[in-house]
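**Q** fold the following and give me the result.
(chains A and B)
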Amino acid sequence: MPALTGLLRRIQGWVRPRHPEPLPVRLERRRIYILPTGFGAFVAALLGTMAIGALNYNNNPALLLCLLLVGAALASLLWTQLQLSAMEVRAIQGEPVAAGLPMPLHVHVEAPPGRERRGLRVDIEGSAATLSLDDTGGEATVALATVRRGWLTPPRLRISTSRPLGLARAWSWVWPQTRFLVYPAPEPVGPPLPSNGGDAAEPRLDPAGEELHHLRDWRSGDAPRTIAWKASARRDVLIVRELERPRGDDVTLDWRRLGGLDHEARIRRLARWVDEAERQALRYRLQLPGAQPIGPDRGAAHRHACLRALALLPEAG
Amino acid sequence: MARHGLPLDGPGRRAALLAASTCLLPLLLQLPMPLPVIIAGAAMTAALMATRGAAPGWLRTVLALAVFGVVVAQGGLHLGRDTACALLAGMLAIKPLELRTVRDARSLLGFALFAPFATFLLDQGPVSLVLGLLGAALVLAALLRLSEQESGLPAGDVRPLARLSAVMRLIAIGLPLALAAFWLFPRLATPLWGLPDLSTARPGLSDEMSPGDWIDLLADDAPALRASFRGPEPAPRDMYWRGPTLMHYDGRTWTASSWLRAAPPAPVEHGATVWDYDLALEPTERNLLVALEMPLALPDGMRAAHEHTLTSERKLDRVTRWQLRSAPPVRFEADLPAAMRQLALQLPEGFNPRTRALARQWRAETADDGALVERALAWIRSDFAYTLTTPLAGRHAVDEFLFEQRAGFCEHFSSAFAILMREAGIPARVVTGYTGGVRNRYGNYWIVRRMDAHAWNEVWLEGRGWVRVDPTAAVAPERIYDTLADRLGGGGAGETVLPIADLGDWVLRGWNDFVLGFDAARQQRMLQRVGLERMETGGLAALFALCAALALGWMTWWIARSEYERDPLLRAWHRLDRRYARRGLGRARHEPALAWAERVLAAHPGEHALLALTRRFVAARYAPASSDATLITALRAHRPTPETRQ
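**A** Numbering: from 1, shown residues only, chains lettered A, B, ... in the order given. Alright, predicted model coming up:
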């Protein structure tokens, strides 16, 4: 078995592409491989038997039938290859996920019009998806397994098909020169968010709040229901109420305060807290060693910035 | 038993079952009753059960054994071709019972392809051909569906008709290769191994004849042979296609003499008229041939017995074609050896006493052999009638025919006539074969059908040798000499139907000539016609390889077509780029053309020409008004300057 895997690795070294390559990638003849499937070998043996029998008995209808099937089978091989030929992988887009979760990769493909390309298979390390091109473009989403946080260089991606007859499988490797970010895996269970962030509680303006913050002059675009009619009547100009909502403290997620944990466990705890803060709609600030604090803020972009910083922290030691 | 694999979905199952049953159908039509009924019943049961999922293993075993038992009970343990085919049909019928996964469906379809193949070994008629081809096309369509399911396409994605047209496209693309292989692939002149016999014989001429056993044959309007003449054609009256000559009579059955078959042909003096013709014989399961009387020389592979009964060295189990020359005999074995004479007078004792008494009475009254023959013919002409409905004969079959029924067909007439002559001391024998023929109005050929099978007599007369006498013609000449049109009564229906029938037969004959009858010899002849005189197997293989390569090239052109850069300017530009890429100076994907040329120039000061050329290219490509006639040539001619080479 080791000899076999060694051989397989050697073959992998020969196949095109031999290096990661920038997208877009065009699938041309020289990088499309085709081999018979098990069923294809069975049919070949069957047709071979039929041909020998027909030749021996000089049974021309049988021979003709056999040859027509051989011709159709060969044409189907061409068809199989044509399914991939001249197709272009335009882009591969990965959605960041926490390590350990499968990362959905969106593979965008284009092809010159005029040929039906349906039921292609896109697979990457055991995960597969069906790709059908409508008119000229199509997209398939495969799931790439993730293990560790940080940059993930994807392995070769295979686009293959055994249509139309299932006699042979044609495939082409695409080795995109790109990398995807994998967030650290959050701690599954952990302590609640640290309560005293250190910053004083600071009421913030919020149109959905209930308490009056102050009054100001009307500006175009203010909603009519925010107008303070009594105050406006008194002053003879339109006055608008600005509302506020009292909120908890900003949370500071500080690397230094997690001294009891080891390197990766800290990262995982912080990743959990980032998600927790987002869930509770709190503003949070992430303080990592040797870096400017991130935030305080909240929202998808902030969360991404925090998790990205966590994901890209160097390994311990 | 656990099976792994993608479970088969409904449309895939239906497609596989439809394809398998269509493949099975032509095979069933060839099997002797009641096998087809039993197997069709088993197939339907299996298909119905298959729609509910696979049957348990023990049930499959029981059914397989049952089918095997039925086939053996019908055909016996003699493993002939039709027994083997019946077994195949039976197994194919119950194969759907284990239809669970896509893989099962594929193996079912693979085995189903053997059914048309087996059918063609039994029969090559148009029905079998059409059904066989349809079955094969449906198998391909079912494979398409299975492949669709495997690649995750929903069932409604492709309509069944679209699938069938896709199959037709595949066949059409493969057709040049298939035809090149068919006409040019080296054919075996002699088979590597023989074809197993059919366990049941088919109707056709045989070397024996008992009264009544030709009834099936005389109702069969399938073609027996087609003949096209080069030069003069014989009158319908001369169209006696001579087959086996029957010498022995055992009181019931006439049989051919086996030792005469090995004897050298009897001497014949031929007449002046000569007929040159091509004979295409429909397949039978025998070696027996027919030819116009009498062949002048025999082609290779054919031999004549003493009575000029023709046999072929190989069994005529497919369409065979022969080139023959015949001339009517003037004198045929004028000196009859004593042994032959004795053989031609032999009669078994204890049969037909009244007939023999009549013959002896005639002999006593008439001394001249010729007059006696005439007398017998006159009696038959006046007192007898032609009919195909005759009762089953008893022990004295000829007595019953001559004195009670006085109606019958060629078998009765020829048998009775020969016995009369023999008892009267005139050597006589029965000759079987075909008479007449119908001219096809589209092709220049005559068609003789199985229903034209006939039996007549030869009597040996002093000085003339064997002379043909046809007692049936004395009664019903229209039965023998008239064309099919006359037989149909000249009614309106006959007139309108016949052209179509003729056209159909003409098409069939073309099929026979170019497909069914094609063999090593015809292949050589075909190549001779295009000027390739002697073609050894090696040369033929080379020619085939050439044509196959051409066909494959045509197919591959399909691939290249889509990748081919249509614009000649772009094509020349990309080639130029590739020449530089080989020196490690290729243009990066993001790099504009001029930026690239400038970069190359900066690294290699000799590359001024490239920059100038690139300017021209950019102008031609992006400034629509400009036209640069010599640009493409210049791009093609340009090479990196020598100092750029490392």
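
**Q** for B:Leu402, give its distance to chain A.
**A** Relative to chain A, B:Leu402 is positioned 47 Å away (C-beta to the nearest C-beta, to the nearest Å). C-beta coordinates here come from the backbone N, C-alpha and C atoms, glycine included.

**Q** how far away is that residue from B:Thr355?
**A** Distance of B:Leu402 to B:Thr355, computed by C-beta to C-beta, to the nearest Å: 6 Å.

**Q** by mean pLDDT, which helix or strand of chain A comes out lowest?
**A** strand A:204-205 (a mean of 52; mean pLDDT, DSSP states H and E).

**Q** what's the closest non-adjacent residue to the residue in chain A that chain B sits nearest to?
**A** Scanning chain A for the residue nearest chain B gives A:Gly71, at 2.2 Å (criterion: C-beta to the nearest C-beta). Closest residue to A:Gly71 apart from its sequence neighbours, by C-beta to C-beta, 6 or more residues apart in numbering or on different chains: B:Gly174 at 2.2 Å.

**Q** just B:Asp519 next, same as before
**A** In space, and not counting its chain neighbours, B:Asp519 is closest to A:Asn58: 5.1 Å by C-beta to C-beta, 6+ apart.

**Q** just say helix, strand or coil for that neighbour.
**A** With DSSP: H, G, I helix; E, B strand; the rest coil as the basis, A:Asn58 sits in coil.

**Q** you'd agree the residue nearest to A:Gly71 is in a helix?
**A** Yes - assessed with three-state DSSP, B:Gly174 lies in a helix.

**Q** so it versus A:Ala185, what's the distance?
**A** Where A:Ala185 is concerned, B:Gly174 sits at a distance of 54 Å (C-beta to C-beta).

**Q** which one's more surrounded, the two?
**A** The neighbour count for B:Gly174 versus A:Ala185, taken as other C-beta atoms under 10 Å in any protein chain shown, is higher for B:Gly174 (24 against 20).

**Q** joint contacts of B:Leu402 and B:Thr355?
**A** Counting by C-beta atoms under 8 Å, 6 or more residues apart in numbering or on different chains, the common neighbours of B:Leu402 and B:Thr355 are B:Ala416.

**Q** got a list of what the residue nearest to B:Asp519 touches?
**A** By C-beta under 8 Å, 6+ apart, the contact set of A:Asn58 is B:187-188, B:191, B:318, B:519-520.

**Q** low-confidence stretches in chain A?
**A** Within chain A, the set of residues satisfying pLDDT under 70 comprises A:1-2, A:195-213, A:242-249, A:317.

**Q** which phi and psi does the residue lying closest to A:Val122 once chain neighbours are set aside have?
**A** Spatially, and ignoring its direct neighbours in sequence, A:Val122 is nearest to A:Ala140 (4.4 Å; C-beta to C-beta, 6+ apart). Phi and psi for A:Ala140, reported as degrees, to the nearest 10, are phi -130, psi 150.

**Q** can I assume A:Ala140 is in contact with A:Pro104?
**A** No - using C-beta atoms under 8 Å, A:Ala140 makes no contact with A:Pro104, being 10.4 Å away.

**Q** same for the helix or strand B:Gly538 falls within, what does it pack against?
**A** Assigned by DSSP states H and E, B:Gly538 falls within helix B:537-563. Packing contacts for helix B:537-563, counted by 3 or more C-beta pairs under 8 Å, 6 or more residues apart in numbering or on different chains; DSSP states H and E, involve helix A:60-84, helix B:160-184.

**Q** now render those as a markdown table, adding distance to B:Leu377.
**A** As requested, the helices and strands packed on helix B:537-563 are exported to a markdown table (distance: least, C-beta to C-beta, whole Å):
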| stretch | distance to B:Leu377 |
| --- | --- |
| helix A:60-84 | 46 |
| helix B:160-184 | 53 |
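
**Q** most tightly surrounded among those helices?
**A** Counting by mean count of other C-beta atoms under 10 Å in any protein chain shown, helix A:60-84 has the highest mean neighbour count of the helices and strands packed on helix B:537-563, with a mean of 24.

**Q** chain center to it, what's the gap?
**A** Centre-to-centre, helix A:60-84 and its host chain are 40 Å apart (C-alpha atoms, centre = their mean, to the nearest Å).

**Q** what inclination does that helix have with respect to helix B:160-184?
**A** Counting by axes from the mean of the first three to the mean of the last three C-alpha atoms, to 10 degrees, helix A:60-84 lies at 120 degrees to helix B:160-184.

**Q** now the element after helix A:60-84, going C-ward?
**A** strand A:87-94.

**Q** give me the buried positions along that next one.
**A** By neighbour count with 16 or more other C-beta atoms under 10 Å in any protein chain shown, strand A:87-94 contains the buried residues A:87-90, A:92, A:94.

**Q** that one to helix B:537-563, inter-axis angle?
**A** Angle between the axes of strand A:87-94 and helix B:537-563 is 50 degrees (criterion: the same axes, to 10 degrees).

**Q** now for strand A:87-94, which elements pack on it?
**A** strand A:25-27, strand A:103-110, strand A:157-161.

**Q** please identify the pairing partners of the last one and their relative orientation?
**A** The strands that strand A:157-161 pairs with in its sheet are strand A:117-124 (antiparallel), strand A:168-174 (antiparallel) (by DSSP bridges).

**Q** need the contact list for residue 303.
**A** I went with chain A, as the question did not name one. If you count contacts by C-beta under 8 Å, 6+ apart, A:Arg303 has them with A:274-275, A:278.

**Q** correction: the question concerned chain B.
**A** Taking C-beta under 8 Å, 6+ apart, one finds B:310-313 in contact with B:Arg303.

**Q** now with 10 Å?
**A** B:Arg303 makes contact with B:261-262, B:265, B:287, B:289, B:309-313, according to C-beta atoms under 10 Å, 6 or more residues apart in numbering or on different chains.

**Q** per-residue pLDDT of it, please?
**A** At B:Arg303, the model reports a pLDDT of 84.

**Q** for the residue nearest to B:Asp519, give its distance to B:Arg318.
**A** To B:Arg318, A:Asn58 is 6 Å away according to C-beta to C-beta.

**Q** same deal with B:Gly90?
**A** 26 Å.

**Q** what of B:Tyr277?
**A** With distances taken as C-beta to C-beta, B:Tyr277 is found 20 Å from B:Arg318.

**Q** for the stretch 151-300 of chain B, which residue gets nearest to chain A?
**A** As assessed by C-beta to the nearest C-beta, chain A sits closest to B:Gly174 within the stretch 151-300 of chain B, at 2.2 Å.
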